[in-house]
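Engineer: Below are the sequence and a predicted model for it; my questions follow.
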Amino acid sequence: MKIATFNVNSIRSRLHIVLPYLEEESPDILCLQETKVSDDLFPKEEFKKRGYEVYFKGEKGKSGIAVATKIKPVEVDFGFSDKTEEDRVSILKFDNFSLINLYVPQGRKPDHPEFKHKLEFFEKLLNYLEKNFSPEDNLIICGDLNVAPTEIDVHSPKKLKGHVCFREEVWEAFQKLLDWGLVDLFRLHHPNEPGHYTFFDYRVKDAVKRGLGWRVDHILATKPLAQKCKDCFIDMKPRLKEKPSDHTPLVAIFSL
DNA sequence: ATGGTAGTAAAACTA
């Protein structure tokens, strides 16, 4: 089973990348973030034509998530238990595992209310896990977590320390997820390897060529599933296309 | 260097 996560930065502007990706790589499940489209305008037929059912929630111009799947879920939900964050959280339950797709708030600046929002989002997520799942369950959490967890996950740790995606509070939030019982699948398969990034700021000139990236997109899994993860890698091929997203797909392969 | 670009939109706002 192949699962991929991709922050598309507008699904309608990225169909020339996403649709060939489905055809060529045929992931069983593709989780998308920053779809930036209202539900009535989501291009669902394009997914159906290619054999995927797609579940989505968004509003025009901001945030928004979607999950395209070839496997039929038994249950689909959006948001946390209090019905907040519906355009940032989806929960799909399948026969033998569950999948949470996340678009965590970026946070803007450490003193901005959005940073508080980001930290509260992580607290709600942890509460949600504690209430609804056990570390013994087969659970995958993926998406744009807007956290680079260690200094080898950014290009210039000294310079970037203090950024809303690279500072103490978000490291703690990320660590709490691991402490609950989740494994960072990319790091599991590439321990201590610097220079692997999923995000490159459009505003940094030749960022990809110069390796000026961040690893902020993740696939986490509980230990029973992590044991079944055969590989996890960042797929840079979609970057070679015209008008790439500022993120790139992250893929995990499971023997399930 | 407090910039830069790309997306939503139709003037700023977000990442």
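Structural biologist: Looks like it came in fine. Numbering: from 1, shown residues only, chains lettered A, B, ... in the order given.
Engineer: pretty sure residue A:232 belongs to a helix, no?
Structural biologist: No - Residue A:232: not assigned to a helix; according to DSSP: H, G, I helix; E, B strand; the rest coil it is strand.
Engineer: got the contact list for it?
Structural biologist: Residues near residue A:232 by Cβ atoms under 8 Å, 6 or more residues apart in numbering: A:185, A:186, A:188, A:189, A:190, A:219, A:250, A:251, A:252, A:253. The C-beta positions use only the backbone N, C-alpha and C, and glycine is treated the same way.
Engineer: Residue A:55 now?
Structural biologist: Contacts of residue A:55 (Cβ under 8 Å, 6+ apart): A:66, A:67, A:69, A:73, A:76, A:90, A:92.
Engineer: try it again with 6 Å
Structural biologist: By Cβ atoms under 6 Å, 6 or more residues apart in numbering, the residues touching residue A:55 are A:67, A:76.
Engineer: Could you check the pLDDT of it?
Structural biologist: Per-residue confidence (pLDDT) for residue A:55: 98.
Engineer: With respect to residue A:171, which of the contacts of residue A:232 is nearest?
Structural biologist: Taking Cβ to Cβ as the measure, residue A:171 lies nearest residue A:186 of the contacts of residue A:232, at 16.4 Å.
Engineer: Tell me how far the closest one lies from DNA strand B.
Structural biologist: Between residue A:186 and DNA strand B the computed distance is 19 Å (Cβ to the nearest atom of the strand, to the nearest Å).
Engineer: So which of the contacts of residue A:232 is the closest to DNA strand B?
Structural biologist: Among those, residue A:250 lies closest to DNA strand B (Cβ to the nearest atom of the strand), at 15.7 Å.
Engineer: what's the neighbour count on residue A:211?
Structural biologist: Neighbourhood size, residue A:211 [other Cβ atoms under 10 Å]: 13.
Engineer: okay, it: pLDDT?
Structural biologist: Reported pLDDT for residue A:211: 97.
Engineer: show me the contacts for it.
Structural biologist: So residue A:211 contacts residue A:155 (Cβ under 6 Å, 6+ apart).
Engineer: how about stretch A:151-170: buried residues?
Structural biologist: Buried residues in stretch A:151-170, counted by 16 or more other Cβ atoms under 10 Å: A:152, A:153, A:154, A:155, A:160, A:164, A:165, A:166, A:167, A:169, A:170.
Engineer: Quickly check those for the two that are furthest apart.
Structural biologist: A:155 and A:169 (21.2 Å).
Engineer: and the stretch 101-250 of chain A, which of its residues are near DNA strand B?
Structural biologist: Within the stretch 101-250 of chain A, the residues that sit near DNA strand B (Cβ under 7 Å from any atom of the strand) are A:105, A:106, A:108, A:114, A:202, A:203, A:204, A:205, A:243.
Engineer: Now for the residue lying closest to the third one once chain neighbours are set aside: which residues touch it?
Structural biologist: Right, the one you point to is residue A:108. Leaving aside its chain neighbours, residue A:108 sits nearest to residue A:114 (4.5 Å; criterion: Cβ to Cβ, 6 or more residues apart in numbering). Contacts for residue A:114 (Cβ under 6 Å, 6+ apart) come out as A:105, A:107, A:108.
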